[in-house]
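> A predicted structure for the sequence below; I have some questions about it.
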2 protein chains.
Amino acid sequence: MTCEILSIGTELLMGDTVNTNASAVAKVLADLSIDSFYQTVVGDNPDRLKAAIETAFSRADMVITTGGLGPTYDDITKEIVAGYFGKKLVQDEKAIESINRLFDSLGRLMTENNLRQALVIEGCTVLDNEYGLAPGIYYEQDGKTVVMLPGPPYEMEPMLKNKLFPILEQRSGFTLVSKNIRIFGIGESRVEDTLYDLMTKSTSPTVAPYAKQGEVTVRVTARAINREAGLEIVDPVVEKIRAIFGENVYAVDTPNLQTALVETLKAKGLTVATAESCTGGLIAKKITEIPGSSDVFGYGVVSYANDAKMSILGVSESTLKKCGAVSRETAAEMAEGIQRLSGADIAISVTGIAGPGGGSEEKPVGLVYIGICGPNGTETHEFRLSRGRKDERAAIRENASQNALYLALKKAEAIKKA
Amino acid sequence: MTCEILSIGTELLMGDTVNTNASAVAKVLADLSIDSFYQTVVGDNPDRLKAAIETAFSRADMVITTGGLGPTYDDITKEIVAGYFGKKLVQDEKAIESINRLFDSLGRLMTENNLRQALVIEGCTVLDNEYGLAPGIYYEQDGKTVVMLPGPPYEMEPMLKNKLFPILEQRSGFTLVSKNIRIFGIGESRVEDTLYDLMTKSTSPTVAPYAKQGEVTVRVTARAINREAGLEIVDPVVEKIRAIFGENVYAVDTPNLQTALVETLKAKGLTVATAESCTGGLIAKKITEIPGSSDVFGYGVVSYANDAKMSILGVSESTLKKCGAVSRETAAEMAEGIQRLSGADIAISVTGIAGPGGGSEEKPVGLVYIGICGPNGTETHEFRLSRGRKDERAAIRENASQNALYLALKKAEAIKKA
């Protein structure tokens, strides 16, 4: 089976919107091993839209459209697709009800236009829209299948995942089971080299690494008749990869380092505090992104100025004079200071040179010290995070914050449960 | 003139990469008033690529490709395009030099593959690649123009802006001059309603609003024979719009609120400090994103816990008991506390309920208080930032941080220069 993705929207042609819908749909197709050789973007011009649909069906068995279901020009898109199949559009009762409910609750009069959103192809499977008014459409005829999804990503993505995916999965006759292994501190190319045999020789499960923001995710995926059978294929390979990369595997199926840290601290009844210089609040911001982080995080200080390092954290003037603000010694005293102040089980500190200014031959841009205080004293780590790129201030700060979260997580894992 | 965008890459078809290149190119075409009716994505299969190029040229005068210039399959893409025009590929000397220089500096032996990156269409205009090895191509023949740009966005975007844009601009015979008016605190629909006449009736300059992350940008653009002539058209309209929206216009051509704040503080020799609860470091992170922010920012506290509000900021226990952590009174004492501690001219505090938990009928999720201390005392502001969306913790934090930066900017503007 082959499938083409057809995205409809003038905002895409004008460059006002990035086509995240196409990549979200493409990922689902790739997961289901459905070949996809073309993606097309068109506007809401009827002739061009008609030509695009005919071209897509001349090459593929299935066409998934995104966009063009709203009240302004939905009639064009749906009518053109219905016309291709020689079918009529009919009102979907459930969609009409949602539209009426919305306008009642707003106390506004519904216009005729809005009812157009409830039109669907006669005989289709209606895909409910959990976050909007226009339902999606799944329709099959003479070996050709059309799927029509809404344009706004917050409507499209849940419909893709919760409504379309199960249909396509059932149609394929198997269930897809996958786990994501999160790896920190090893580059993508080393992960690829290490897993080369697994990646190239294993077809069930498949093993695929992805790099993002300084970490690598290895996705292990199997197709099976049900979830249990899938896990039987996936789990041993996950354990094998865990064993290969050891402590660099910081979690499986956890979205990021800050979530892993907050979950680990919660599970052990521990707390963390932060003292940041060059990351300027980024670590605290990441920790407090996580709902419920107030259980494990109470104190953060952004001591950008030396005065702040001394007055709030108690870093000694002589350390700052002798070793400088960017030094192992200052990092250690910052971490000890915030631990004293907060009483937290684990304290993280970061001091470094994020650039573009402030570097010297001895202490170049990208030099970062991270201090970690646990119950048994303080350790410090030196990093050199510059890669000589243009505008790398943001990258250095991001990388420093990730390293700090990783080190705090490792410290939390090493502490015995209270 | 019409132009199609053809993006080449299996990673796009697999959904591993979002096609930001297509929207970047589309935006440039829209700016230059070049019509673009189709965008296509294909992989590196020679037959499908050839078909896609022929189809694109059957509909458009110009085709801009992105991707497919790397050492692995660049020969396919460039050969197919050269074949379409009946031309040969030749080595670009300058590109060979860069490739040799790179391999020399790495001390590695260059393979034959790498030389393929230096191939260009005979007689074309070569577009230098400032951040990579493969040069871009601009080639015109018999009324058809092809432009080939590299795939990695950090190579593509500078080439698009610095090499291709000037060629297309010159070809169009005019210069594009635009200014971006940044507006905070007014919704997009109100901006649109207010500017309706200007937006619909004015063709030179054009006036277009864009909404992003709680602010609205109005872009005023004119085409003229040179920059001075363009500014003569743009500037009066910018001043008119400034007058309409008054203090809600926080800057022109400044990228964001934190940049405007840091620049204003620097120009006036002022400093700012932050005390954050629900934003958890986000405001400090935004301020310290800006290079050189250490001149104006030295102290930040993330007082997530009540203990931290008391011990570091000196918020009184009775205020916390009587009014609660989320109250005008606590916001005021937090701001006063960080001002006392830091000696900053302006102090910002934020306390609120970011959710999803922690809300009550009296103090619902989204209730946020911001305190601002200047040289003449403290003011507090109440916000209700919940919109009843799913997963809105991040949106509430973002919105609170933007409001705090805006209020600090207005305070800084009101202070007489030292």
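Sure thing, it's come through.

> what distance separates the start and the end of stretch A:66-82?
For stretch A:66-82, the first-to-last residue distance is 15 Å (C-alpha to C-alpha, to the nearest Å).

> Report the distance from it to the chain centre.
Chain-centre distance of stretch A:66-82: 30 Å, with C-alpha atoms, centre = their mean, to the nearest Å.

> got the contact list for it?
A:5-9, A:12, A:21-22, A:25, A:44, A:46, A:49-50, A:53, A:65, A:88-89, A:113-114, A:116-117, A:119-122, A:133-134, A:136-137, A:146, A:148-151, A:156 (C-beta atoms under 8 Å, 6 or more residues apart in numbering or on different chains). Every residue, glycine included, has its C-beta placed from N, CA and C.

> filter those to the buried ones?
A:5-9, A:12, A:21-22, A:25, A:44, A:49-50, A:53, A:65, A:89, A:114, A:116-117, A:119-121, A:133-134, A:136-137, A:146, A:148-151, A:156 (16 or more other C-beta atoms under 10 Å in any protein chain shown).

> Now do the helices in the stretch 151-300 of chain A.
For the stretch 151-300 of chain A, applying DSSP state H, counting those that start in this stretch gives helices covering A:153-159, A:165-172, A:188-194, A:196-201, A:227-245, A:257-268, A:282-289.

> Which one of the ones you listed lies nearest to A:Lys410?
Evaluated over these, closeness to A:Lys410 peaks at helix A:257-268, with 9.7 Å, by C-beta to C-beta.

> so, in contact with chain B or not, the closest one?
No. No part of helix A:257-268 sits near chain B under the criterion C-beta under 8 Å from any C-beta of the partner chain; the closest distance found is 10.9 Å.

> That helix to helix A:282-289, inter-axis angle?
60 degrees (axes from the mean of the first three to the mean of the last three C-alpha atoms, to 10 degrees).

> The contacts of stretch A:66-82 in strands, which ones?
A:5-8, A:65, A:89, A:119-121, A:136-137, A:146, A:148-149 (DSSP state E).

> Turn the residues you listed into JSON lines, columns for distance to A:Glu317.
Formatted as JSON lines, the ones in strands among the contacts of stretch A:66-82 follow (distance: C-beta to C-beta, whole Å):
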{"residue": "A:Ile5", "distance to A:Glu317": "62"}
{"residue": "A:Leu6", "distance to A:Glu317": "66"}
{"residue": "A:Ser7", "distance to A:Glu317": "61"}
{"residue": "A:Ile8", "distance to A:Glu317": "65"}
{"residue": "A:Thr65", "distance to A:Glu317": "66"}
{"residue": "A:Leu89", "distance to A:Glu317": "77"}
{"residue": "A:Leu119", "distance to A:Glu317": "74"}
{"residue": "A:Val120", "distance to A:Glu317": "73"}
{"residue": "A:Ile121", "distance to A:Glu317": "76"}
{"residue": "A:Gly136", "distance to A:Glu317": "65"}
{"residue": "A:Ile137", "distance to A:Glu317": "70"}
{"residue": "A:Val146", "distance to A:Glu317": "72"}
{"residue": "A:Met148", "distance to A:Glu317": "68"}
{"residue": "A:Leu149", "distance to A:Glu317": "62"}
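
> ok, of these, which one's closest to B:Thr194?
Among those, A:Ile8 lies closest to B:Thr194 (C-beta to C-beta), at 30.5 Å.

> Point out where chain A drops to low pLDDT.
A:72-75, A:388-390, A:417-418 (pLDDT under 70).

> Output the longest helix belonging to it.
Of all segments of type helix in chain A, defined using DSSP state H, the longest is helix A:393-414.

> angle of that helix against helix B:282-289?
Angle between the axes of helix A:393-414 and helix B:282-289 is 130 degrees (criterion: the same axes, to 10 degrees).

> A:Tyr38: which of the helices of the stretch 151-300 of chain A is closest?
Among the helices of the stretch 151-300 of chain A, if distance is taken as C-beta to C-beta, the winner is helix A:165-172, at 18.3 Å.

> For chain B, see how far away the residue of chain A most remote from its centre is.
Distance from the C-alpha centroid of chain A, by C-alpha atoms, centre = their mean, peaks at A:Ser318 (44.5 Å). According to C-beta to the nearest C-beta, to the nearest Å, A:Ser318 and chain B sit 20 Å apart.

> And the spatially most central residue of chain A, how close does it get to B:Ala394?
Nearest to the mean C-alpha position of chain A, by C-alpha atoms, centre = their mean, lies A:Pro255 at 7.2 Å. Per C-beta to C-beta, to the nearest Å, A:Pro255 is found 13 Å from B:Ala394.

> likewise A:Glu379?
Applying C-beta to C-beta to A:Glu379 and B:Ala394 gives a distance of 32 Å.

> Tell me which of these two has more neighbours.
A:Glu379 (16 against 11; other C-beta atoms under 10 Å in any protein chain shown).

> ok, for that one, nearest residue in space, not its chain neighbours?
A:Ile372 (5.4 Å; C-beta to C-beta, 6 or more residues apart in numbering or on different chains).

> C-terminal to the one helix or strand the one you found maps to, what's the next element?
For A:Ile372, the enclosing helix or strand under DSSP states H and E is strand A:367-374. Going down the chain from strand A:367-374, the next helix or strand is strand A:377-384, by DSSP H and E.

> Can you list the strands that that next one pairs with?
strand A:367-374 (antiparallel) (DSSP bridges).

> May I have the strand it pairs with exported as PDB, CA atoms only?
What follows is strand A:367-374 as a C-alpha-only set of coordinates in PDB (Å, rounded to 0.1, in the frame of the first residue of the first chain):
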ATOM      1  CA  LEU A 367      33.800  26.600  29.800                       C
ATOM      2  CA  VAL A 368      31.200  25.500  32.300                       C
ATOM      3  CA  TYR A 369      31.500  24.100  35.900                       C
ATOM      4  CA  ILE A 370      28.700  22.200  37.400                       C
ATOM      5  CA  GLY A 371      28.600  21.500  41.200                       C
ATOM      6  CA  ILE A 372      26.500  18.800  42.700                       C
ATOM      7  CA  CYS A 373      25.900  18.500  46.500                       C
ATOM      8  CA  GLY A 374      24.500  15.300  47.900                       C
END
